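Peer 1: Okay, here's the prediction I keep looking at, along with the sequence it came from:
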Amino acid sequence: MSIERLESEKEGISFYKLCASGNDFIVILNFSGEISPEEGRELAKKLCRPKFSVSADGLILLEKSSNPQAKFAWRFFNSDGSEAEMCGNGARCVARLVTELGLFESPFYFETKAGLIYAEVKGKRVKVALTSPKDLKLNLVLRTDYDWFLAHFVNTGVPHTVIFWEDIENAPVTKIGPKIRYHEAFSPAGTNVNFINIVEKDGQKIIQIRTYERGVEGETLACGTGSAASAYIAYKLGLVNSPVNVLTRGGELLTIYIEENENKIYLEGDTLLVFKGTIFEDALK
Ligand SMILES: N[C@@H](CCC[C@H](N)C(=O)O)C(=O)O
């Protein structure tokens, strides 16, 4: 393919690349519905690959919603092509994108498989209200072929298991993560797995977190719903007060607000608009 042809090529899928605290996403405007869910799954598998393609933790299709309360809907695909009900950091990214593009004015609601998400955008800072936490289970004993673990569980849009681990630098994220992710206690949906430690800095408690993500099948630099789940569990155990600061593996702080009266968790942090691009044929083979 010649440079001239590449430059003049009008065909191809336009996309945006965004990042929230090191959790990165490819976002495609699919309001025409041209890309089917099956094609979305295939695109995620191809385009999320590092080195061979754009590289990302997930791919998001923005679509029309039939819910009168929602401005739009999304389909979220993990990098392995699996579809997830929700993604906190992805939600912050799309809220920023549609606002920057002038498509919708903040605040607004949008539709996910987990339910309606409320979003407020202030420049690059985005705050979203997640779906109400459900299925809370504290103090589960999980046996694995390696060892047993004391764990906690909550669904903050997607399923999350939380394990306290003091030496967070050496937490066995990729060794034990998959064993818990596929543990029979969470079958068939599986779970994301968060290792957390609470430290005190300048009189303030901070949760350090590392997450093994379902559908990425590895550690990511941040997980919004995982940070929310961890803060919620630490709060329920009486270990922290709201708002809770969560230090992600990527080094950014996320702020989690727990509103008991509304039974809601809010997730706030910065977002990055990284680039806009066009996918060429070669990358779709
Ligand atoms: N990184 C996300 C969660 C994405 C979905 C997750 N991998 C799953 O399949 O449950 C976040 O920021 O919440």
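Peer 2: Thanks, I have the structure now.

Peer 1: Phi and psi next, for R96.
Peer 2: Reported as degrees, to the nearest 10, the phi and psi values for R96 are phi -60, psi -50.

Peer 1: Next, work out how far apart it and G123 are.
Peer 2: Counting by CB to CB, to the nearest Å, the gap from R96 to G123 is 9 Å. To be clear about C-beta, it is placed using only N, CA and C from the backbone, and glycine gets the same treatment.

Peer 1: Repeat that for C87.
Peer 2: For C87, the distance to G123 - CB to CB - is 21 Å.

Peer 1: any idea of the pLDDT on the spatially most central residue of the chain?
Peer 2: Residue closest to the average C-alpha location in the chain (CA atoms, centre = their mean): C87, at 3.4 Å. Predicted confidence (pLDDT) for C87: 98.

Peer 1: who's in contact with it?
Peer 2: By CB atoms under 8 Å, 6 or more residues apart in numbering, the residues touching C87 are N23, F25, G58, I60, F76, G157, V158, G224, T225.

Peer 1: Next one: it from V216, what distance?
Peer 2: 11 Å.

Peer 1: anything in contact with each of the two?
Peer 2: Residues touching both C87 and V216 (CB under 8 Å, 6+ apart) are G58.

Peer 1: residues contacting L18?
Peer 2: Counted by CB under 8 Å, 6+ apart, L18 has contacts D24, F25, V27, C93, V94, R96, L97, T271, L272, L273, V274.

Peer 1: The last one falls within a helix, correct?
Peer 2: Looking back up the chat, that one is V274. No. When classified by DSSP: H, G, I helix; E, B strand; the rest coil, V274 is found to be strand rather than part of a helix.

Peer 1: Does it touch F15 like I think?
Peer 2: No. Judged on CB atoms under 8 Å, V274 makes no contact with F15 at a distance of 10.8 Å.

Peer 1: Which residue of these two possesses the greater neighbour count?
Peer 2: Taking other CB atoms under 10 Å, V274 and F15 do not tie; F15 has more neighbours (21 against 16).

Peer 1: give me the element the more buried one is part of.
Peer 2: Assigned by DSSP states H and E, F15 falls within strand 13-20.

Peer 1: Also E105?
Peer 2: Counting by DSSP H and E, E105 is part of no helix or strand.

Peer 1: count of neighbours near it?
Peer 2: Counted with other CB under 10 Å, the neighbours of E105 add up to 10.

Peer 1: I'd assumed A95 was in contact with it.
Peer 2: No. Between E105 and A95 there is no contact under CB under 8 Å: 11.2 Å.

Peer 1: helix/strand/coil for R92?
Peer 2: At R92, secondary structure determined by three-state DSSP is helix.

Peer 1: Test my guess that it contacts L273.
Peer 2: No. The criterion here is CB under 8 Å, and R92 misses it with L273 at 11.8 Å.

Peer 1: Looking at those two, which is more packed in?
Peer 2: More crowded of R92 and L273, by other CB under 10 Å: R92, with 30 against 16.

Peer 1: tell me which element the nearest residue to the more buried one once chain neighbours are set aside falls in.
Peer 2: In space, and not counting its chain neighbours, R92 is closest to V126: 4.1 Å by CB to CB, 6 or more residues apart in numbering. According to DSSP H and E, V126 maps onto strand 125-129.
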